[in-house]
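**Student:** Kindly return the folded structure for what I paste below:
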Amino acid sequence: MKLLSSLPKHALTRPAYFLLIALIFAPFTGRATLHAQTDIDLKLFNGRIIKDIAIIGNKHTKRKVIQRELLFGTGQVFNDSLVLQSKKRLENLWLFNRVEFIPFIEKANDDSVSIIISVTERWYFFPYPVFEVQDRDWNKLTYGFGFAHLNFRGLNQKLQTSVQFGNRRGFKFTYLNPWIGDQAHLFAGVYLRTYELDNYSYDFPEYHFYSVLHFGKYWTHDFMSEIFFLRDHIHVNKEDAHYLASGTQTDVKYGLGIKTLVDHRDLYAYPTRGWYLNFTASKIGFFEPGLDYTQYVLDARKYIPLKPFILAGRIYTVQTQGHLPVYDRVYFGYTERVRGHFAEVYQGSQLLFLGAAVRMPLIKVHYFSFNSPFLPDVFTQNLKFGLNVGLFAEAGQVTDRREQFAISHFIKGFGAGLHFLLPYVEVLRFDIAFDEQLQHQFILEILMPF
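**Tutor:** Residues are numbered from 1 along each chain as shown. Have a look, this model is predicted:
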């Protein structure tokens, strides 16, 4: 099923493609300044009482958005571990180019410490053109225009809308409020989309009006659960009606699901330690006798620092009970892929993916600023750059029956890549991958697969 019970992290980042192009060329129009990572030994301040906390640099972001991510407050004892965790929590908001915690002592014999939290905000409102290569196929171009507000009302709310033409023409609207009710820390969101596409299995046109409403609660910063309701109105041409579960030109798919997420990663975009566990269960087929199936999705990831290396692993599986309609089949080759078989398509109702990787920094993250007559300061100050290298191995299988799973039937791939740590896009990745016969392919994408 095309599950969107919570907004994918990449769903609101398309403006970054176009901003990245501007940032690549803009430094040539002015003088650039490089800033190394600020190295302060926070352990020197352990045991002191926190006297004051000053927040600077947040011109648009509300102060409470920053405060609620802090694991410490005034009157508490300074703890370097909590300060570092708080810094990473602010970085994971993806609202700031840079976050710095600067503790200082006013008097030599004073047993208290004050902390300055300095943030450099990203730009948050983007009118942008839409240019998408659907399913990594250049014959499936989608184009249009849209608007994204990534810090709506200064409260880290996400708002995006776009109009699309070409292969996947339609309309899209997304809204997410990640924090409702102060200490209750509830969240809610809505996703609406109209689109058409050619069915992946039988190549006939489908017309969708898809909507999801989800509501949940963060029990701790790292642990949340939600309930979601979905409705998908699927319409096909008269000659294709026999493909639908209802036997008519229209299926109306209703679904109800629950999701539980535990996310102990230090950084979402490029984790170096921690683990991630996502379990989703959904029941599809209310009010439509021809639709009746249950689907379970498990995504488990682990990251282990072993200096200078980072070890990463992932297990991902989709398990289905019941018969899937032709528009809800499970695939390798679209959202989920095995590198080495990147462009190949496999379908079924059950999926299993296994992945392992080792990564190492080549260039430590630095920050640079420059002046440009073409871009405002918010686009040119404290922009990060780093470079990592990685090796990976992946394998997986898609089948219609669980008992058909077998290592001998898995497709397998391995390879290496360069990971550029950049502002706004977070990670730009160049991979070379090999299959079992050592046939190679080059891959260019943003963000990490795990």
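**Student:** going forward, measure contacts between C-alpha atoms and count neighbours the same way
**Tutor:** Fine.
**Student:** Sketch out the low-pLDDT regions of the stretch 51-200 of the chain for me.
**Tutor:** 136 (pLDDT under 70).
**Student:** Where do the helices of it begin and end?
**Tutor:** 63-67, 80-91 (DSSP state H, counting those that start in this stretch).
**Student:** Return the set of buried residues in the longest one.
**Tutor:** Just to be clear, that refers to helix 80-91. Counting neighbours by 16 or more other Cα atoms under 10 Å, one finds that the buried residues in helix 80-91 are 80, 83, 84, 85, 86, 87, 88, 89, 90, 91.
**Student:** Dump it to CSV, keeping only the CA atoms.
**Tutor:** C-alpha atoms of helix 80-91 as CSV (Å, rounded to 0.1, in the frame of the first residue of the first chain):
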residue,chain,number,x,y,z
ASP,A,80,28.2,18.0,29.2
SER,A,81,26.3,14.9,27.9
LEU,A,82,22.9,16.7,28.2
VAL,A,83,24.3,19.8,26.5
LEU,A,84,25.6,17.7,23.5
GLN,A,85,22.3,15.8,23.3
SER,A,86,20.4,19.2,23.3
LYS,A,87,22.6,20.5,20.5
LYS,A,88,21.8,17.5,18.3
ARG,A,89,18.1,17.8,19.0
LEU,A,90,18.2,21.3,17.7
GLU,A,91,20.1,20.2,14.7
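**Student:** who does that helix touch, helix- and strand-wise?
**Tutor:** Helices and strands touching helix 80-91, by 3 or more Cα pairs under 8 Å, 6 or more residues apart in numbering; DSSP states H and E, are strand 96-104.
**Student:** mind running it again at 6 Å?
**Tutor:** If you count contacts as 3 or more Cα pairs under 6 Å, 6 or more residues apart in numbering; DSSP states H and E, helix 80-91 packs onto no helix or strand.
**Student:** And for that helix, what's in contact with it?
**Tutor:** Residues from elsewhere that reach helix 80-91 (Cα atoms under 6 Å, 6 or more residues apart in numbering): 42, 43, 70, 71.
**Student:** now for those residues, which pair is the farthest apart?
**Tutor:** 43 and 70 (17.7 Å; Cα to Cα).
**Student:** higher neighbour count, those two?
**Tutor:** Neighbour comparison, residue 43 and residue 70: the larger count goes to residue 70, with 18 against 11 (by other Cα atoms under 10 Å).
**Student:** Tell me who's in contact with the more buried one.
**Tutor:** By Cα under 6 Å, 6+ apart, residue 70 lies in contact with residue 86.
**Student:** repeat for the one 4 residues further on
**Tutor:** For residue 74, the contacting residues are 50, 51, 52, taking Cα under 6 Å, 6+ apart as the criterion.
**Student:** Which residue, neighbours along the chain excluded, lies closest to it?
**Tutor:** Spatial nearest neighbour of residue 74, excluding adjacent residues (Cα to Cα, 6 or more residues apart in numbering): residue 50 at 5.0 Å.
**Student:** three-state assignment of that neighbour?
**Tutor:** Of the three states, residue 50 takes strand under DSSP: H, G, I helix; E, B strand; the rest coil.
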